[in-house]
Structure formats: structure tokens, C-alpha cells
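Participant: model the structure of this input:
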Amino acid sequence: MENIQRDEKQYAIMTQTPIPGLIAKLAVPTTISMLVSSIYNLADTFFVSQLSTSASGAVGIVFSLMTIIQAVGFTLGMGAGSLLARRLGMKDKKAANMYAATSFYTSLALGIIIMVFGQIFTEQLMRLLGATDTILSYAVDYGNYILWAAPVMCSSFVMNNILRSEGKASFAMIGLCIGGILNIILDPIFIFTLDMKTAGAAAATLISQCVSFILLLSMFIFKKSNLSLSPKNVTFKPKTYFKIVSTGLPSLSRQGLASIATVMLNVSAKPYGDAAIAAMSIVAKVSMLVLCVCLGIGQGFMPVAGYNYGAKRFDRVRKAYRFTLISDTVVMTTLGVICFILAPQILKVFRAEDASVIEIGTAAMRAQCYAMPLMATTVCTNTTLQSLGKSARATLLSCCRQGIFFIPLILILPRIFGLPGIEYTQAASDALTFLVSLPLAILFLKELKKEELQYSKKSEA
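Facilitator: Numbering: from 1, shown residues only. Sure thing, here's the model as predicted:
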């Protein structure tokens, strides 16, 4: 009886609370979670950068490995999250539990596979990811610990998305933020006090990820979540896995291509030396920090869209989309202006001793700032399509930014313009992706209106 009351209360919150307040309530903890995760990745870059330019470059090399691990977790987590949010909107808790448990144990298994194979081929993997001879030893030291963390990282991403998708974003925030803060505290201790250098940063990440995993899992064990991760809820039906993966395919495309894009960026920067690799790595981390705010608002919107779409509250889906789009655009424009003005100072925080890193990084960051306001439309449209199960279009849009446009541009622009071609590739790709997102957004709004009219006619009949 108590569980039924809790479910009904959560359903009422998700389908009746005024849109601005509801999205803010979910977006604030989600944004904080993403910012803290991004900040502790940035902290690794900051502390390791104090060692040398080559060590700083190693963080950029291993970042693409972390993106692969994230791709697994996000694919299963976002796929299951989208499905279970709609099922909860339909009041089908049994199916929601099935998606939650199946995605969790699958992510744990895939994380173990990544860990085992990665440990066997660590050095070859680091070279494949773009490590130079001077960066290689640092990258291997850093990568070894990150690989040990793969199982808990994958499954933590899944649990985080499950909690957010059922409207419990604050619980997801607690698990991620405590782990992230711990990582920032441990970084200088392990790197400098214990003299572990780059391996120390990775060891701090491993420990913090384990703590986050335990905290997130405790939310399910102590029933803070309305959903269950009990093994009895797991299904082995291929149809269920297809639904989860196909719904999460935009995340797989986005994260997987981000990893490939990072590798190609490192390889393209390699002829210009460790300073270029380090500079592009720093810019990527700072840009990701800014993008996290946009993504946090978008992912706070996703469960609102999924719940209300499942509950046939199409008017609320439309209002939520417009509110999110306006909020993201204002935020990204403001942050873009700030980063453009302060670009040199931001780079100096990481490598004040290396003028080349500052020069290259400033040009790349300012180029990225031009495209930041445009990214709001892309992110908002992409999260909407994914949350409503329109996977094909969401996947197409996900593939654009660091795949369909980025890969050809990173192969062509540096050949024509040299180093500036590398610096401007991501911004050019973001602008082209924005042009694709516009017609998809218009089409979505038209289809939603049509679906709303059809439902109204059925209800009246």
C-alpha cells in the first residue's frame, strides 16, 4: 500500500507541477551532478598539468578511453531511462523495474569486459589513442587505474540515469557529488604528497568512482528509489535489449563518436607537439564544463517529457520543450561571452609556464565560444527526440556533432589551414549541426500537435 501511495505521489508531481518549477527542481541537481563530474575531470587536468606538458597531454589521451566507458553507461542508462519514464507515465511499474535491472547488470558485465581487455593491451591502446613517445608512459600509468574503474563507472552512469528518469535527481546528485568532491581532495595528496604523479590522479578517480557507486546503489537498497534493481527483474529477451540499446543509441553515437573525435584530434595535433595536444585537451575539458550546464538543464527536462508523453499530456511536453530551449540558449550565450573574454586567463590556470599551450588554447577556446549559443538548440532537440523514443532522428543528430561533420572537417581543415584548422574544427561542426537540428525541431513540434489532436478526438469519441 505504501509503495502504491509513493508511486501515485510521484506521478502527480511529474504530471501536475508547473513546468518551470518542475524542470528547475530536476535540472538543478542534474546540472550540479554533471558540473561536479566535469570539475573533477578538470581537476585531474589541472593537477597533472603542474607536472609537465607531456603529463597534461596524457590526460587528454586517456580522456578518449573514459569517453568509451561513458558511452556504454550512457547508452544503457539513457535507453532504459527513457523507456522507464514513459512506462511510469503509463503506470506500468513492472516494465520499468525490468528496464532498470536489466540495464544495470548489463552495464556491470560490459564494464568488466572493458577492464579485462584494456589491462591486457594497455600500451597498444594508448598508442592507438594518439600518445606520443614522450606522453606514452604517463598515459599508461593513468590508463591502468581508469580501466580498473570501468565496471563501477559504467554501472554508476546507469543508476544515475535511472534515478533522474524517475524524477529523483537529488538522490543521483548526492552519489555523484560526494564522489567528485572526494576525487578533488585526493588528487593533490596522491599526485604530490604520495609522489604517484599521473597514476595518483587516476587512483583518486578509481576510489571516488567506487564511493559514488556504493552511494548510488544504496539509494536502491534502502528504497529511496521507487524502482528495484533485484536480479529477479532482469530479462534475457533479445527484444528488451534491442529496445534499450536502440533508445540509447543517440547516447552511444554521441559518446562513441566523441571518443573517436578526441583520438582524431590528438592525432591531428601530434605533428605540432605535446603543447598542441595539451592545449586541445584543456579546451575540451573547459568546453565540456560549459556544455554540462546545457546538458544538465536538458536532462532535467527529459523525465518531464517522458512522463508526460506517456501520460498523454502533450501540452506539457510542448511547454517543457520551449522553456528548456529558451533557458539553454540564455545560459550558453552568457557562458560563451565569459569564456571568450577570459580565455587566456583560463589557459594560464593550467599551464602558465608554457606560452605555446596558452596561445593555441586561447585561439581554440574562442573559436568554440562562437558556437556555444547554437548548441542549445541542438542539445534541447536531441534530448527531446531521445526521451520520446524517436531514436532514428535523435541518433542522426547525435552523429552530426562529432561524426558526420567533425570527422571530415578534422581531416580537411588542418590540411588547408594547418593548426588553425584544428582549432576551428569543433566550432564549425557545431554550427553545421545546428542547421540540422532546426528542421528536426520544427518537425517534432508539428508531429506533437498532430498527435495531440488525434488523442483529443479519440477521447471525445
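
Participant: in this protein, what spans have low per-residue confidence?
Facilitator: Scanning the chain for pLDDT under 70 picks out the ranges 1-4, 40-41, 460-461.

Participant: strands of that one, start to end?
Facilitator: Counting by DSSP state E, one finds no strands in the chain.

Participant: quick one, longest helix in it?
Facilitator: helix 419-460 (DSSP state H).

Participant: for that helix, packing partners?
Facilitator: helix 238-269, helix 274-310, helix 314-351, helix 355-387, helix 391-399, helix 406-417 (3 or more C-beta pairs under 8 Å, 6 or more residues apart in numbering; DSSP states H and E). Bear in mind the C-beta positions are built from the backbone N, C-alpha and C, glycine included.

Participant: for residue 436, which residues are in contact?
Facilitator: Going by C-beta atoms under 8 Å, 6 or more residues apart in numbering, residue 436 touches 396-397, 400.

Participant: residues near the residue nearest to residue 147 when sequence neighbours are not counted, how many?
Facilitator: Excluding its sequence neighbours, the residue lying closest to residue 147 (C-beta to C-beta, 6 or more residues apart in numbering) is residue 118, at 3.9 Å. Using other C-beta atoms under 10 Å, residue 118 is surrounded by 19 other residues.

Participant: how close does residue 118 sit to residue 155?
Facilitator: Plainly put, residue 118 is 16 Å away from residue 155 if you go by C-beta to C-beta, to the nearest Å.

Participant: likewise residue 108?
Facilitator: According to C-beta to C-beta, residue 108 and residue 155 sit 5 Å apart.

Participant: what do you get for residue 55?
Facilitator: 30 Å.

Participant: list the contacts of the nearest residue to residue 110 once chain neighbours are set aside.
Facilitator: Nearest residue to residue 110, sequence neighbours excluded (C-beta to C-beta, 6+ apart): residue 72, at 5.1 Å. Contacts here follow C-beta under 8 Å, 6+ apart; on that basis residue 72 touches 107, 110-111, 114, 154, 157.

Participant: most widely separated two among the residues you listed?
Facilitator: Greatest spatial distance in the contacts of residue 72: 114 and 157, 12.8 Å, computed using C-beta to C-beta.

Participant: those two - which one has more neighbours?
Facilitator: residue 157 (29 against 18).

Participant: does that one touch residue 70 like I think?
Facilitator: Yes - counting by C-beta atoms under 8 Å, residue 70 is a contact partner of residue 157 at 6.3 Å.

Participant: now the longest helix of the chain: how far from the chain's centre is it?
Facilitator: 19 Å (C-alpha atoms, centre = their mean, to the nearest Å).

Participant: quick one: that helix to helix 314-351, angle?
Facilitator: Angle of helix 419-460 versus helix 314-351, following axes from the mean of the first three to the mean of the last three C-alpha atoms, to 10 degrees, is 160 degrees.

Participant: got the angle for helix 419-460 vs helix 238-269?
Facilitator: Using the same axes, to 10 degrees: helix 419-460 against helix 238-269 is 160 degrees.

Participant: now residue 349: closest residue in space that isn't a chain neighbour?
Facilitator: residue 46 (6.9 Å).

Participant: ok, back up a step: more crowded one of residue 108 and residue 155?
Facilitator: residue 155 (28 against 17).

Participant: so who does the more buried one touch?
Facilitator: Residue 155 neighbours (C-beta under 8 Å, 6+ apart): 73, 104, 107-108, 111, 213.

Participant: swap the cut-off to 10 Å and go again
Facilitator: 72-73, 76-77, 103-112, 213, 216-217, 229 (C-beta atoms under 10 Å, 6 or more residues apart in numbering).

Participant: now which of those residues would you call buried?
Facilitator: Neighbour-count burial (16 or more other C-beta atoms under 10 Å) applied to the contacts of residue 155 gives 72-73, 76-77, 103-108, 110-111, 213, 216-217, 229.

Participant: these two touch, right, residue 284 and residue 45?
Facilitator: Yes - using C-beta atoms under 10 Å as the test, residue 284 is close enough to residue 45 to be in contact (9.3 Å).

Participant: overlap in contacts of those two?
Facilitator: 60, 63.

Participant: export stretch 226-241 to CSV, keeping only CA atoms.
Facilitator: C-alpha atoms of stretch 226-241 as CSV (Å, rounded to 0.1, in the frame of the first residue of the first chain):
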residue,chain,number,x,y,z
ASN,A,226,10.7,3.7,-6.3
LEU,A,227,12.4,1.1,-8.6
SER,A,228,14.2,-2.1,-7.9
LEU,A,229,17.5,-3.5,-9.2
SER,A,230,16.7,-7.0,-8.0
PRO,A,231,18.2,-9.7,-10.3
LYS,A,232,14.7,-11.3,-10.5
ASN,A,233,13.6,-8.3,-12.6
VAL,A,234,16.3,-9.0,-15.2
THR,A,235,15.1,-10.3,-18.5
PHE,A,236,17.1,-12.1,-21.2
LYS,A,237,14.7,-11.4,-24.0
PRO,A,238,16.5,-10.0,-27.1
LYS,A,239,13.6,-7.7,-27.8
THR,A,240,14.2,-5.8,-24.4
TYR,A,241,17.9,-5.4,-25.1
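
Participant: backbone dihedrals for residue 226, please?
Facilitator: Torsion angles at residue 226 (phi, psi; degrees, to the nearest 10) stand at phi -80, psi -10.

Participant: for residue 29, see how far away it is.
Facilitator: For residue 226, the distance to residue 29 - C-beta to C-beta - is 17 Å.

Participant: equivalent analysis for residue 458, please.
Facilitator: In this view, residue 458 and residue 29 are 37 Å apart by C-beta to C-beta.

Participant: higher neighbour count, the two?
Facilitator: residue 29 (22 against 9).

Participant: residues in contact with that one?
Facilitator: Counting by C-beta under 10 Å, 6+ apart, the residues that residue 29 touches are 163-164, 168-174, 176-177, 296, 300.

Participant: repeat for residue 226
Facilitator: 3, 6-7, 9-11, 88, 93, 96-97, 100, 163, 166-168, 220.

Participant: tell me which of these is nearest to residue 428?
Facilitator: Within these, proximity to residue 428 (C-beta to C-beta) peaks at residue 163, which comes in at 36.5 Å.

Participant: save the contacts of residue 29 as a markdown table, and put in neighbour count too.
Facilitator: Compiled in a markdown table, the contacts of residue 29 are given as follows (neighbours: other C-beta atoms under 10 Å):
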| residue | neighbour count |
| --- | --- |
| 163 | 32 |
| 164 | 26 |
| 168 | 20 |
| 169 | 24 |
| 170 | 17 |
| 171 | 21 |
| 172 | 29 |
| 173 | 21 |
| 174 | 18 |
| 176 | 28 |
| 177 | 20 |
| 296 | 24 |
| 300 | 26 |
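
Participant: and which of these is nearest to residue 342?
Facilitator: Of the contacts of residue 29, the one sitting nearest to residue 342 (C-beta to C-beta) turns out to be residue 296, at 21.3 Å.

Participant: quickly list what's touching both of residue 108 and residue 155.
Facilitator: 76, 213.

Participant: ok so, going back, which ones among the contacts of residue 155 lie within helices?
Facilitator: Going by DSSP H, the helices hold 72-73, 76-77, 103-112, 213, 216-217 from the contacts of residue 155.
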